[in-house]
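In: the following block contains a protein sequence and its predicted model.
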Amino acid sequence: MQGNIADCWLIAPMMAIAKHRKLLEDIIPENQYSLEFGIFPVRLLVDHIWTIVIVDGHFPILPNETPYFARYYGELWPNIIEKAVAKVIGGYHKLAGGIPADAFRSLTGASSISYMLGPDTDHGRLWDRIQFSLSSGFLITLSTNQTDIESYENFGLAHSHVYSLIETSIADDRQLFLIGTTIWRRWNGKCSELVVYPEDVTKNWEKSKKKMANQRLFWMEIDDFCKWFLLFTVCRYREGWDELRINGCHGEKSLYLHVSHRCQITIEISLSDPKMWEYHDVGFIFVIDDIGKLALCFSVEFHRAQKVKIYKNY
């Protein structure tokens with residue numbers, strides 16, 4: 001749950017990551033932290049380099065002894081990650097405002113793609129794209145618009161806010177999305193009355209986990225999904241993939257790869273902005289299916305004012 005600072009851009013990606021235990025163990029390496037001494041190593045991508053950020057177990061709290069910032073019903077890892085990110089960027093106060101692609105990049109090392117939504121969005125293509133993304137293990141967040149504040153609040157949503165997409169379902173021919181919120185407000189429109197998880201799924205859960213699910217998760221139909229969300233961001237994290245990072249140099253003009261068997265490769269070129277904690281992806285190449293065959297290539301323009309990535313296919 002988000003605390004007393006506007007860092008939904010970080011908390012929502014963490015909410016999407018929560019069910020990926022292997023990824024969490026990569027971020028906070030297992031057996032390398034000390035509960036006795038309150039020392040926690042956190043693995044973050046800083047300036048394109050995997051870096052271990054050490055934080056202690058001292059966290060700001062409210063008078064009722066609940067965390068001032070991130071909190072998650074008896075679990076400490078959100079506080080640890082949030083503190084590590086705050087340490088990297090210069091303090092908790094600098095966590096206010098951001099984009100989920102930056103959080104995904106720093107936590108997973110993977111790039112993200114944002115897709116615009118609207119009344120004219122093709123439901124079939126949208127459903128297929130999200131189904132493919134979730135089945136591939138990708139992580140997804142949703143962002144609301146900055147305008148029409150009153151309408152958002154009337155339906156239990158927040159404007160200029162980031163949510164997480166947990167899963168999808170089809171019930172009575174309705175295409176539904178299970179969405180996680182990082183704040184106390186919850187969607188109260190169509191399908192909000194649906195049970196988050198059936199009893200056979202939650203019967204062995206602790207009460208705190210059931211309470212969290214009922215308060216922080218809700219179902220939404222695809223029509224409302226396209227109406228209320230401005231865009232969704234897909235982090236193409238791939239569990240089990242090998243990674244090679246190469247620092248930029250001015251001498252070599254080409255990078256040669258010898259591919260000995262059929263596989264999928266992603267090649268990415270990124271530039272960091274020293275003035276802001278964000279990355280600018282300047283190009284991608286995906287090699288898929290056939291060895292040596294260029295299947296997809298597109299360039300990226302980053303519009304800082306709107307903080308939206310525009311993709312051009314070639």
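Out: Yes, it's here. Numbers count the residues shown, from 1 in each chain.
In: could you pull out the buried residues of the host helix or strand of Ser208?
Out: Ser208 belongs to helix 207-216 when assigned by DSSP states H and E. Judged by neighbour count (16 or more other CB atoms under 10 Å), helix 207-216 contains these buried residues: Met212, Ala213, Arg216. In short, each C-beta sits where N, CA and C put it, glycine included.
In: same list (the residues you listed) but as JSON lines, adding distance to Pro198.
Out: Putting these into JSON lines (distance: CB to CB, whole Å) gives the following:
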{"residue": "Met212", "distance to Pro198": "17"}
{"residue": "Ala213", "distance to Pro198": "11"}
{"residue": "Arg216", "distance to Pro198": "17"}
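In: pLDDT check: weakest of the residues you listed?
Out: For the buried residues of helix 207-216, the model is least confident at Met212; its pLDDT is 77.
In: any idea how far that residue is from Gly180?
Out: Per CB to CB, to the nearest Å, Met212 is found 10 Å from Gly180.
In: how does this protein divide into domains?
Out: Domains of the chain are assigned by automatic domain parsing as 1-245, 251-313.
In: which of those domains sits most buried?
Out: Mean neighbour count (mean count of other CB atoms under 10 Å) peaks for domain 1-245 among those, with a mean of 17.
In: from start to finish, how long is that one in a straight line?
Out: Taking CA to CA, to the nearest Å, domain 1-245 runs 33 Å from one end to the other.
In: how confident was the prediction at the nearest residue to Pro78 once chain neighbours are set aside?
Out: Leaving aside its chain neighbours, Pro78 sits nearest to Ala70 (4.1 Å; criterion: CB to CB, 6 or more residues apart in numbering). Looking at Ala70, its pLDDT is 79.
In: ok, Ala70 touching Met1?
Out: Yes - the pair Ala70 / Met1 is scored as a contact, 7.0 Å apart, by CB atoms under 8 Å.
In: overlap of the contact sets of those two?
Out: Residues touching both Ala70 and Met1 by CB atoms under 8 Å, 6 or more residues apart in numbering: Ile11.
In: low-confidence regions, the protein specifically.
Out: In the predicted model, the chain carries pLDDT under 70 at residues 65, 73, 248-255, 271-314.
In: okay, helices next: where are they in it?
Out: Assigned by DSSP state H, the helices in the chain fall at 8-17, 21-27, 77-89, 100-108, 123-135, 149-154, 199-202, 207-216, 222-228.
In: Ile166: which of those helices is closest?
Out: helix 8-17 (7.5 Å; CB to CB).
In: give me the distance from stretch 222-231 to the chain's centre.
Out: Between the centre of stretch 222-231 and the centre of its host chain there is 18 Å, according to CA atoms, centre = their mean, to the nearest Å.
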